[in-house]
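Peer 1: quick one, what's the 3D model for this:
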Amino acid sequence: MLKQRVITALILAPLALFAILFLPPFAFEVMIALIMGLGAWEWSSMAGMTRQVSKSAYAALVAGVCLVLAFLLPTEMIWYQGQLNPLYTYVLTIGGIWWVASLAMIIAYPKYSSVWFQSKVLRGIFGLLTLIPTWVAVVSLRTSLYDVDPFYGASLIFYVLGIVWAADIGAFFVGVKFGKHKLRPRVSPGKTFEGLMGGIFASSAIIAFAALHYQVEPSRIWLHVLVGALTVGVSALGDLNESMFKRCAGIKDSGNLLPGHGGIMDRIDSLTAAFPVFAFCYLTWMA
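Peer 2: A predicted model of the protein is given here:
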């Protein structure tokens, strides 16, 4: 298992690095749309779909919506005079509302879960609300200030990836060593408050480095720290959200597309919450 994980990581990491840094914007949009489509294929199982036709149609729907958005809004029109296009702003707002609703569902679980568990349509809609705002967020960040600095948006993506991965590592080690108080044991027994705090602390170094890198005004450093901590906190929500739907569907891994790692959703669950929330905060307070 470890050997498979290492081999998969050694193959995927350079590909992801190249795509973020060097793919032209439209090609990058297509690539992220395909990843969202693969995530949708796995989400279809969590939504209770079992027929190959239904699963394929759902994956095509998610990828298709992303591609339609890409065709409707050329990359040079995503940002205009420092303002994100209203359509993408609307999608990010809906994504933010969804994560507030998801938090309420996780806190209440398993109460009221029968309301949505018995409906494949509702669970399918929840997948749309999870994956499509993620696509919009990643594309919006990647194209930010692209005409001024083609790599500026890439640095924003690496920032989110960095703080989320640092938080995952910190949460794991602190949780194993000191974890006693469970976050939501009925959703994910392994998650603890101590692990969450360890994750936020572990990511603080990257948050501080980013504030220096972007030459943030001293009076606004608190805002960057707050947004960074919020992004890390909500990334745990993304993890819990997927765990809740997997538990309801009676599955351990979202899929087996990544040998040694499980499925696509198992790897990006935290990011599906972190990217939309960070992009919304960036749009509102930092752009």
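
Peer 1: which helix runs longest in this structure?
Peer 2: In the chain, with assignment by DSSP state H, the single longest helix is helix 221-249.

Peer 1: next secondary structure element downstream of that one?
Peer 2: Downstream of helix 221-249, the next assigned helix or strand under DSSP states H and E is helix 264-281.

Peer 1: report the rounded mean pLDDT for that following helix.
Peer 2: What helix 264-281 shows for mean pLDDT is 94.

Peer 1: helix or strand next in line after the worst-scoring helix or strand of the chain on mean pLDDT, which one?
Peer 2: Lowest by mean pLDDT, DSSP states H and E among the helices and strands of the chain is helix 2-22, with a mean of 74. Downstream of helix 2-22, the next assigned helix or strand under DSSP H and E is helix 25-46.

Peer 1: and for residue 102, nearest residue in space, chain neighbours not counted?
Peer 2: Spatial nearest neighbour of residue 102, excluding adjacent residues (Cβ to Cβ, 6 or more residues apart in numbering): residue 241 at 4.9 Å. Where C-beta positions appear, they are placed from N, C-alpha and C, glycine not excepted.

Peer 1: count of neighbours near that neighbour?
Peer 2: By other Cβ atoms under 10 Å, 25 other residues sit near residue 241.

Peer 1: residue 216 versus that one, what's the distance?
Peer 2: To residue 216, residue 241 is 31 Å away according to Cβ to Cβ, to the nearest Å.

Peer 1: residue contacts, residue 253?
Peer 2: The neighbours of residue 253, taking Cβ atoms under 8 Å, 6 or more residues apart in numbering as the test, are 246, 262-263, 266.

Peer 1: can I get those residues in CSV including distance to residue 54 and neighbour count?
Peer 2: Converted to CSV, the contacts of residue 253 look like this (distance: Cβ to Cβ, whole Å; neighbours: other Cβ atoms under 10 Å):
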residue, distance to residue 54, neighbour count
246, 18, 22
262, 22, 17
263, 18, 24
266, 21, 21
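
Peer 1: low-scoring stretches of this structure, by residue?
Peer 2: For the chain, applying pLDDT under 70 flags the ranges 1-10, 258-261, 286-287.

Peer 1: in the stretch 101-250 of the chain, which spans are helices?
Peer 2: For the stretch 101-250 of the chain, the helices defined by DSSP state H, counting those that start in this stretch occupy 113-117, 120-142, 152-178, 193-213, 221-249.

Peer 1: nearest spatial neighbour of residue 49, skipping sequence neighbours?
Peer 2: Nearest residue to residue 49, sequence neighbours excluded (Cβ to Cβ, 6+ apart): residue 55, at 5.2 Å.

Peer 1: was I right about that neighbour contacting residue 47?
Peer 2: No: the pair residue 55 / residue 47 is not scored as a contact, 9.1 Å apart, by Cβ atoms under 8 Å.

Peer 1: between those two, who's got more neighbours?
Peer 2: In terms of neighbours (other Cβ under 10 Å), residue 47 is the more surrounded of residue 55 and residue 47; the figures are 23 against 18.

Peer 1: quick check: the more buried one touching residue 124?
Peer 2: Yes: judged on Cβ under 8 Å, residue 47 makes contact with residue 124 at a distance of 4.8 Å.

Peer 1: who touches both of those two?
Peer 2: With contacts taken as Cβ under 8 Å, 6+ apart, the residues that reach both residue 47 and residue 124 are residue 58.

Peer 1: show me what contacts the residue nearest to residue 102?
Peer 2: Applying Cβ under 8 Å, 6+ apart to residue 241 gives the contacts 102, 105-106, 130, 269, 272-273.

Peer 1: out of those residues, who's the most crowded?
Peer 2: residue 273 (31 neighbours).

Peer 1: that residue - nearest residue in space that isn't next to it in sequence?
Peer 2: Closest residue to residue 273 apart from its sequence neighbours, by Cβ to Cβ, 6+ apart: residue 238 at 3.1 Å.

Peer 1: measure how buried that neighbour is and give me the count.
Peer 2: A count of nearby residues for residue 238, using other Cβ under 10 Å, gives 25.

Peer 1: look up how far residue 36 lies from it.
Peer 2: Counting by Cβ to Cβ, the gap from residue 238 to residue 36 is 14 Å.

Peer 1: residue 21 now?
Peer 2: 20 Å.

Peer 1: these two: who's more crowded?
Peer 2: Neighbour count, other Cβ under 10 Å: between residue 21 and residue 36, residue 36 has more, with 27 against 14.

Peer 1: tell me who's in contact with that one.
Peer 2: With contacts defined as Cβ under 8 Å, 6+ apart, the neighbours of residue 36 are 62-63, 66, 131-132, 134-135.
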